[in-house]
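Undergrad: Fold the following.
(chains A and B)
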Amino acid sequence: MGKGDNRDESGATFVRPPDTLSTKVRMGAGGVDSAVLDKAEALIASLRDDYLTWAAEDVTRLEDAMARFDAGTDDVETARQDLFRTAHDMKGQGGSFGYELVTEVGDRLCRLLEAIHGPPTPEQREAAALHVEAMRLVIAQRLEGDGGTSGAALVSGLERIVRKMNP
Amino acid sequence: MEQAYSLERLNFLIVDDNKHMRALVKTILYALGSRQVREAGDGADAFKELRHFPADIIICDWNMSPLDGLDFVRLVRTGKDSPNPFVPIIMLTGFTEMFRVVDARDAGVHEFLAKPISAKSLYSRIKAIIDRPRPFVRTKTYFGPDRRRRTIDWKGAERRKGAKTVVSTPEPDVAAAASLSQEEVEALLRGV
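TA: Numbering: from 1, shown residues only, chains lettered A, B, ... in the order given. Have a look, this model is predicted:
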């Protein structure tokens, strides 16, 4: 046990880690203040065009995986995992670039896929395909933020299809 | 007055299998004044990187293969050849259900940040690590930052008896599977 370590009655040992951060982090000029944070947010916003290029590539990946996500194919589980991974990535990125609707649809697609075990039924496949199509629309039509009335209609349509699947 | 920390001298290691996500995190860190930022595409590469890069803070994604984020955290904390078992780790993930936050906490993460991220949300987690240095705790089944021993009304499987938890096929109860807000996640991690 090192200096400053101690043990409590349950046998847990408390260890004081080396304090490297306080020796390396300076305070004051050049520090992260609200102006620096605002600049950083503006920098992220300036990457929106790049983001749309990445997102369009992700939509292509979704469509490719969707084409393989069929009860009749050999490796339907790989297709499901590919769909999930891409939907999860899109969910995690959209909101950072002002595309909260991408995050919303990505989250819904992830939840749908988590509930599918084994080969999908025709209804499950149709529901997944509609989520992929919704994602394509959001990116193609540049539906920023929550997508306004178009976004609300799209989300409502996805809700309906999932309800129909699980009455 | 708010303390304005300079991150210029801190070494960051970003671990994420998605190159766009790595680019986003790196962009934010540079914009916040960091200069030493390294990247790794998965947990295994990150562990190798740690051998020659003295990271001060690791920002790690959860969903990676072959070594995922939780496995990587456990390896850093308890691996016999770990170069730095104490390094602060921020877990970055789209998974915010309670059972997953508990898994991450019990693997030994310092902070948990839900995607999508922003410059402000990432800095808030870095600042939390700087503001609140935490002692480490070693028990028979855990080594990592002090979890403050909050009792969680956990109805799922006992987490601490198994060294490894398969996160891809959990069967949690409904409450544990509900997504948490960032505030709820932070409260859970701090045991408040």
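Undergrad: Specify the residue ranges that define each domain of chain A.
TA: Per the record, chain A has its domains at A:17-46, A:48-165, by automatic domain parsing.
Undergrad: hey, which of those domains is tucked in deepest?
TA: domain A:48-165 (a mean of 18; mean count of other Cβ atoms under 10 Å in any protein chain shown). C-betas here are computed from N, CA, C, even on glycine.
Undergrad: and A:E63, helix, strand or coil?
TA: helix (DSSP: H, G, I helix; E, B strand; the rest coil).
Undergrad: Please name the nearest non-neighbouring residue to it.
TA: Closest residue in space to A:E63, ignoring its immediate chain neighbours: A:V132 at 6.1 Å, by Cβ to Cβ, 6 or more residues apart in numbering or on different chains.
Undergrad: Need the domains of chain A in CSV (columns: mean pLDDT).
TA: As requested, the domains of chain A are exported to CSV (pLDDT from 0 to 100):
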stretch, mean pLDDT
domain A:17-46, 92
domain A:48-165, 95
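Undergrad: pretty sure B:F95 is in contact with B:D68, am I right?
TA: No: the criterion here is Cβ atoms under 8 Å, and B:F95 misses it with B:D68 at 10.9 Å.
Undergrad: okay, these two: which has more neighbours?
TA: In this view B:F95 and B:D68 are compared by other Cβ atoms under 10 Å in any protein chain shown, and B:F95 has more residues nearby, 21 against 18.
Undergrad: which non-adjacent residue is nearest the more buried one?
TA: B:W62 (5.8 Å).
Undergrad: returning to what we had before: which residues sit in contact with the residue nearest to A:E63?
TA: A:V59, A:L62, A:E63, A:M66, A:L83, A:L109 (Cβ atoms under 8 Å, 6 or more residues apart in numbering or on different chains).
Undergrad: What distance do you get for the last one to chain B?
TA: For A:L109, the distance to chain B equals 12 Å [Cβ to the nearest Cβ, to the nearest Å].
Undergrad: So whichever strand or helix holds B:V101, near chain A or not?
TA: Per DSSP states H and E, B:V101 falls inside helix B:98-107. No: legend: contact between helix B:98-107 and chain A by Cβ under 8 Å from any Cβ of the partner chain is lacking; minimum distance shown is 12.2 Å.
Undergrad: Direction included, what does whichever helix or strand comes after that helix pair against?
TA: Next helix or strand after helix B:98-107 toward the C-terminus (DSSP H and E): strand B:111-114. According to DSSP bridges, strand B:111-114 forms sheet pairs with strand B:89-93 (parallel).
Undergrad: which outside residues touch the partner strand?
TA: Contacts for strand B:89-93 (Cβ under 8 Å, 6+ apart): A:92, B:16, B:21, B:25, B:57-63, B:69, B:73, B:76, B:100, B:104, B:108-115, B:117, B:122, B:125-126, B:129.
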